[in-house]
Structures are given as C-alpha cells and as structure tokens.
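Enquirer: fold the following.
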Amino acid sequence: MMINTWQDQLNAFTEDINYRVSVAKYKKHLPVLSPKDKLIAETLKQQGVYITSLTDLGMPSTTQMWVSATGYAGMISAPRNVESGYSLPQIYTVTDLPEFFTWGIESRLRNIIESYIELPIAFHGVHVRKDFPNEQQLQTLLWHKDSEDRRMIKIIVYLHDVGEEHGPFEYIPLPSNIGEWCNYYRVDYRLWKSGFLGIDDREMMNIIPKKFWKSCPGKAGTVIFVDPRNVLHHGTVRSQERSTAFFVYTSHTPKRPELCTQYHDHTFTKPHGQFKTEIANKAR
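Expert: As a prediction, the model looks like this:
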C-alpha cells in the first residue's frame with residue numbers, strides 16, 4: 001500500500017512537471033488578442049470569472065444558437081421522479097446540432113480560451129439545461145469544484161432573465177493574498193473530506209464570509225466565462241426554474257478525459273426527430 005501511495009505521488013509529480021513544461025513551450029504559439037479579448041483572458045486568470053453578454057460578444061452565429069437554445073429549453077419539462085425531495089435538472093446534449101457547434105468553435109472564443117488555458121484546446125460540447133425549484137442544497141447547489149482538467153472553461157448562457165429567485169450562478173473569486181489562499185485551501189480540505197461532493201452554505205460561511213461571495217443574476221443573454229476547476233462555485237437554491245446553455249472546453253489533453261465524454265455522448269438525452277424539425281423551423 002505504501003509503495004502504491006509513493007508511486008501515485010511520483011506519477012502526479014511527473015505529470016505536473018510535464019504539464020508545466022508543455023505550457024512553457026506553447027507560450028510562443030498563443031494567439032494575439034484584441035485589447036477587449038485580452039481583458040477577458042486576464043480577468044479569468046486573476047478572478048476565475050468574466051461576465052459579459054451575447055450582444056457584447058457579437059458572434060455572427062449567435063441568432064441561430066439563441067433561437068435553438070431557447071426553443072429546446074422550452075421543451076424541457078419537470079422530472080416525474082424526485083429524489084429525496086430534490087428535483088434533478090433535465091439536460092439535453094446538443095453538441096451534434098450545427099447551430100450550437102458553430103457558436104462553440106467561433107475563432108474569437110477559441111482564441112480567448114486558448115490564451116487562458118495556455119495550451120491547445122478541445123471543445124467537448126454543449127448542454128441545454130433546466131434546473132427546477134429546490135429548497136434543499138444538494139448536488140450542484142453545494143459549493144464545489146469541477147475535475148476535468150487543470151484549467152478549463154465553461155461558458156454559461158442565461159436563456160431568460162435570471163434573478164435571485166431563479167438560483168443564479170454564484171462563486172468566490174480566486175484568492176489575491178495569503179489569507180485568501182489559506183481559506184481556499186481550507187475549503188479544498190473540506191471538499192476532500194466530503195469525497196468532493198461539495199459543502200453547504202453554512203460550512204462555507206465558517207471559512208469564507210458571505211460578503212466575499214459573488215452572486216450573478218443577469219438578463220437573458222448574459223454570458224459567464226468561468227474556470228470551474230479552480231473557482232469555488234455553485235448554483236443557488238431557487239423557487240423558480242432556470243434555463244441555461246453550457247459550452248465546455250479543456251486543454252486538448254485533459255487530466256480526466258473520462259469526465260469530458262458526458263458533453264457529447266448519450267449520458268443525457270439528445271433531441272431528435274420532431275423536436276429538431278420544430279426548432280429548425282423556428283431558427284429560419
């Protein structure tokens with residue numbers, strides 16, 4: 001057992017060194033960004049989150065993506081089965097649909113994300129998701145970090161106005177001083193003790209006071225760039241439904257590739273047949 005533990009630690013150390021070498025070698029290949037896009041990448045490095053809007057981004061493929069995303073979200077109904085009083089989110093995987101894939105691989109987006117991740121990137125896919133009213137803080141409503149890669153980006157698009165009653169995305173900015181780093185590490189320890197399932201608001205407040213939490217309500221079309229691997233985050237308890245689209249990116253060699261397949265495989269429902277025809281007609 002001790003040999004295995006030391007071997008695991010050695011393997012992890014070697015992987016980390018190889019990762020750092022790859023990042024250093026790739027710096028000369030990083031894209032040159034406009035001042036506006038450089039601000040997005042630099043803010044992500046400093047805080048872990050950048051908030052903008054579809055209008056401000058101005059991607060040429062936005063209209064078709066938006067019509068389809070809101071259309072599919074409107075077709076998602078509440079689950080019949082409720083587990084222990086908790087309504088599970090309902091998710092469509094829409095990666096195969098061209099209007100979503102085209103938006104997800106827009107060159108401007110890819111350049112921003114590559115500049116942040118500092119390696120060649122992989123676009124894994126898109127989920128259209130509806131979260132339902134829940135008073136219990138369970139699953140993704142718990143504070144947590146994702147695990148797919150050392151650095152990653154999720155782009156969250158609000159498909160309607162999101163107020164506090166809808167359970168907006170909430171996060172704690174990356175640490176900027178020694179005291180904040182110590183608190184972040186204390187939370188990491190609590191997450192480890194939880195089996196990385198997450199911790200609730202009460203436990204978080206004992207480490208990082210609520211005044212440091214950042215809630216993100218926003219209008220329809222709000223866009224949130226976030227590194228969910230490095231930023232403490234969660235969805236908040238809600239009394240009304242919330243519909244979103246999630247676009248997911250990692251480096252081209254993610255640390256946990258098995259966690260990335262859910263964004264394009266059959267883990268969740270893929271719309272087909274009549275649904276696709278109806279939405280396509282609306283998008284024309």
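
Enquirer: first to last residue in stretch 104-124, what's the distance?
Expert: Stretch 104-124 stretches 9 Å from its first residue to its last (CA to CA, to the nearest Å).

Enquirer: just say helix, strand or coil for the closest residue to Thr261 other than its chain neighbours.
Expert: Nearest residue to Thr261, sequence neighbours excluded (CB to CB, 6 or more residues apart in numbering): Thr267, at 7.3 Å. For the C-beta atoms, the positions are set from N, CA and C on the backbone; glycine is no exception. Three-state call for Thr267 (DSSP: H, G, I helix; E, B strand; the rest coil): coil.

Enquirer: state the phi and psi torsions of Thr267.
Expert: Phi and psi for Thr267, reported as degrees, to the nearest 10, are phi -60, psi -40.

Enquirer: ok, then the element right after the biggest helix by length in the chain?
Expert: Looking across the chain with DSSP state H, the single longest helix is helix 2-26. As assigned by DSSP states H and E, the chain's next helix or strand after helix 2-26 is helix 35-47.

Enquirer: can you give the distance of that following helix from its chain's centre?
Expert: Computed by CA atoms, centre = their mean, to the nearest Å, the chain-centroid distance of helix 35-47 equals 17 Å.

Enquirer: also stretch 44-63?
Expert: Remark: stretch 44-63 is offset 13 Å from the chain centroid, using CA atoms, centre = their mean.

Enquirer: repeat that for stretch 106-115.
Expert: Distance of stretch 106-115 from its chain centroid, counting by CA atoms, centre = their mean, is 16 Å.

Enquirer: all helices for the protein, in order.
Expert: Going by DSSP H, the chain shows helices at 2-26, 35-47, 54-57, 62-75, 98-104, 107-117, 178-193, 201-205, 274-283.

Enquirer: can I get those helices in a markdown table with distance to Phe225, mean pLDDT and mean neighbour count?
Expert: As requested, the helices of the chain are exported to a markdown table (distance: least, CB to CB, whole Å; pLDDT from 0 to 100; neighbours: other CB atoms under 10 Å):
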| stretch | distance to Phe225 | mean pLDDT | mean neighbour count |
| --- | --- | --- | --- |
| helix 2-26 | 19 | 77 | 11 |
| helix 35-47 | 6 | 98 | 16 |
| helix 54-57 | 10 | 97 | 14 |
| helix 62-75 | 15 | 97 | 19 |
| helix 98-104 | 13 | 98 | 20 |
| helix 107-117 | 8 | 98 | 21 |
| helix 178-193 | 20 | 94 | 13 |
| helix 201-205 | 23 | 94 | 15 |
| helix 274-283 | 25 | 54 | 14 |
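
Enquirer: so for Gln90, which of the ones you listed sits nearest?
Expert: Minimum separation from Gln90 across those (CB to CB) falls at helix 62-75, 9.6 Å.

Enquirer: now that closest one: how far from the chain's centre is it?
Expert: With CA atoms, centre = their mean, you get 19 Å for helix 62-75.

Enquirer: do stretch 199-211 as well
Expert: Taking CA atoms, centre = their mean, one finds stretch 199-211 lying 21 Å from the centre of the chain it belongs to.

Enquirer: again, but for stretch 203-223
Expert: Counting by CA atoms, centre = their mean, stretch 203-223 is centred 15 Å from the centre of its parent chain.

Enquirer: related to what we said a few turns ago, now the angle between helix 107-117 and the longest helix of the chain, please.
Expert: Using axes from the mean of the first three to the mean of the last three CA atoms, to 10 degrees, the inter-axis angle of helix 2-26 relative to helix 107-117 is 130 degrees.

Enquirer: that older thread, any chance of the helices of the chain in CSV, plus distance to Glu241?
Expert: Below are those laid out as CSV (distance: least, CB to CB, whole Å):
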stretch, distance to Glu241
helix 2-26, 40
helix 35-47, 29
helix 54-57, 20
helix 62-75, 9
helix 98-104, 21
helix 107-117, 27
helix 178-193, 28
helix 201-205, 21
helix 274-283, 19
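
Enquirer: and Glu170, which of those is closest to it?
Expert: Nearest of the helices of the chain to Glu170, taken as CB to CB: helix 201-205 at 9.6 Å.

Enquirer: ok, residues contacting the closest one?
Expert: Contact with helix 201-205 is made by Gln137, Trp143, Val187, Arg190, Lys210, Trp213, Leu232, as judged by CB atoms under 8 Å, 6 or more residues apart in numbering.

Enquirer: could you chop the protein up by domain?
Expert: 1-30, 34-283 (automatic domain parsing).

Enquirer: OK, contacts around the spatially most central residue of the chain?
Expert: Central residue of the chain (CA atoms, centre = their mean): Lys154, 3.2 Å from the mean position. With contact taken as CB under 8 Å, 6+ apart, Lys154 is in contact with Asp146, Phe225, Val226, Asp227, Pro228, Phe246, Phe247, Val248, Tyr249.
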